[in-house]
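Engineer: Return atomic coordinates for the entry below.
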Amino acid sequence: MPLSESALNQIRALIGKYPVKKSALIPALHIAQREFGWLTPEAVEEVADELDLTATQVHSIGSFYTMFYFKPRGKYEVQVCTNLACMMAGAEKLSEHVCEKLGVKPGEMTADGKFTVIEAECLAACGGAPCMWVEGEYYESLTPETADEIIAKYATGTVQNEGRGA
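Structural biologist: Okay, here's the model as predicted:
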């Protein structure tokens, strides 16, 4: 899927704000990702062309950051913390449970397009381990059962910002 003319114009306007074209890469990737929710191969090519870079350079730099996606993602991103404090409190079991419940492996999107599960290196909520983050909301001291309740609320659209907030 190629970028819209509007997105390309936004990227071109951005370039003028930087002394070196490639300095606009990160904000250009944000613009491109807003188009489809992920960075399509065509979008990567177009960003590369606008910034006088190769698609390999754009992909290499973009893939360093966890905020960019190179494949479709679900409406809701569920990040399960897998750092030491959470692991010691049962994060591995929690992550396996969430993935099993949704029928995916870490990094995959559910068949209905609602969820993508990510194993996050650290969500900075060690005191409430194990924890997960769903679309800007933190959920702490989780069990498989409480995780199921949270996921069900997102699945049905009845979530009311019950987490700690980000």
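Engineer: make it CA atoms for all contacts and neighbour counts henceforth
Structural biologist: OK.
Engineer: Could you find the residue nearest the spatial middle of this structure?
Structural biologist: Met67 (5.4 Å; Cα atoms, centre = their mean).
Engineer: what about that residue, is that helix, strand or coil?
Structural biologist: With DSSP: H, G, I helix; E, B strand; the rest coil as the basis, Met67 sits in coil.
Engineer: same question, the one 5 residues further on
Structural biologist: Under three-state DSSP, Pro72 falls in the coil class.
Engineer: mind checking the backbone torsions on the closest residue to it other than its chain neighbours?
Structural biologist: Computed as Cα to Cα, 6 or more residues apart in numbering, the closest residue to Pro72 that is not its neighbour in sequence is Trp38, at 5.6 Å. Here is the backbone geometry of Trp38 (degrees, to the nearest 10): phi -160, psi 170.
Engineer: for the one 10 residues further on, same thing?
Structural biologist: Here the main-chain torsion angles of Ala48 (degrees, to the nearest 10) amount to phi -60, psi -50.
Engineer: any idea how far it is from Thr66?
Structural biologist: Ala48 sits at a distance of 19 Å from Thr66 (criterion: Cα to Cα, to the nearest Å).
Engineer: what number of residues lie near the nearest residue to Leu53 once chain neighbours are set aside?
Structural biologist: Once flanking residues are discounted, Leu53 sits nearest to Lys22: 7.4 Å by Cα to Cα, 6+ apart. Using other Cα atoms under 10 Å, Lys22 has 17 neighbouring residues.
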